[in-house]
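1. pasting the structure only:
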Ligand code: B12
Ligand SMILES: *[C@@H]1O[C@H](CO)[C@@H](O)[C@H](O)[C@H]1NC(C)=O
């Protein structure tokens with residue numbers, strides 16, 4: 001190979017490597033909306049991010065560590081992983097049949113109810129995660 005060809009090849013390789021690392025270290029921004037269907041307490045909104053293909057609980061931990069006032073606790077279920085037990089100090093309660101429901105408003109406005117919990121859901125960019133205190 002002549003020198004210019006070699007240089008071009010090296011440049012292309014470099015671009016490819018930096019492209020790969022940018023994609024895998026990228027941040028996926030998400031919103032978090034805390035709502036209450038039981039008491040109609042005021043809503044709270046936050047923003048945070050998950051890492052590339054990261055799980056929702058990672059974003060919730062990041063949000064909690066950022067001292068925005070957002071807090072949550074979870075219980076490890078032996079079969080399904082982390083069960084969201086409380087948000088901002090309010091606990092779900094079996095006797096009262098209350099729980100924290102997980103919903104997601106997609107960027108197109110459609111609201112879905114994921115069929116997995118906070119340890120399995122992988123947010124997409126600009127998902128609005130809705131943590132809604134609800135009855136069952
Ligand atoms: C009843 C039930 C609930 C009740 C449980 C309350 C109660 N005290 O009974 C309520 C309504 C709270 C509930 C909530 C949710 N559930 Co549910 N639930 C069930 C159901 C129908 C039966 C579970 C049961 O009673 N098993 C019998 C008992 C004896 O066994 P157990 O191990 O003690 O059961 C406990 C766990 O199942 C746990 N649990 C229930 N749901 C979930 C979900 C997650 C993610 C975790 C970690 C634990 C958990 O609560 C049960 C009682 O303590 C199952 C489906 C099924 N047929 O099994 C879905 C099921 C377990 N739930 C499911 C889901 C997705 C959810 C939600 C994430 C839904 C949502 N989008 O909000 C939320 C949890 C959100 C959170 N706070 O983390 C999925 C889990 C799949 C997965 N791989 O993650 C299942 C399999 C249904 C499905 N869609 O396929 N659930
Ligand atoms: C809270 O958010 C829910 C879901 O987006 C919305 O329906 C409700 O009107 C909001 N409530 C308040 C008090 O803003």
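-> Here it is on my side, so go on. Computed from a predicted model, the values in this text were never measured in an experiment. Ligands and ions are numbered 1, 2, ... in the order given.
2. where's the residue nearest in space to the middle of the chain relative to residue 42, distance?
-> When Cα atoms, centre = their mean is applied to the chain, the residue found nearest the centroid is residue 56 (3.1 Å). Using Cβ to Cβ, to the nearest Å, residue 56 is found at 23 Å from residue 42. The way it works is simple: take the backbone N, C-alpha and C, and place the C-beta from them, glycine included.
3. How about the contacts made by the closest residue to residue 71 other than its chain neighbours?
-> Among residues not flanking residue 71 along the chain, residue 88 sits closest, at 5.5 Å (Cβ to Cβ, 6 or more residues apart in numbering). For residue 88, the contacting residues are 34, 44, 69-72, by Cβ atoms under 8 Å, 6 or more residues apart in numbering.
4. For the closest residue to ligand 2 within the chain, which non-adjacent residue is spatially closest?
-> Nearest to ligand 2, among the residues of the chain, is residue 43, at 3.8 Å (Cβ to the nearest ligand atom). Among residues not flanking residue 43 along the chain, residue 35 sits closest, at 5.2 Å (Cβ to Cβ, 6+ apart).
5. Can you say which helix or strand has the one you found in it?
-> Assigned by DSSP states H and E, residue 35 belongs to strand 27-36.
6. Perfect, that will be all.
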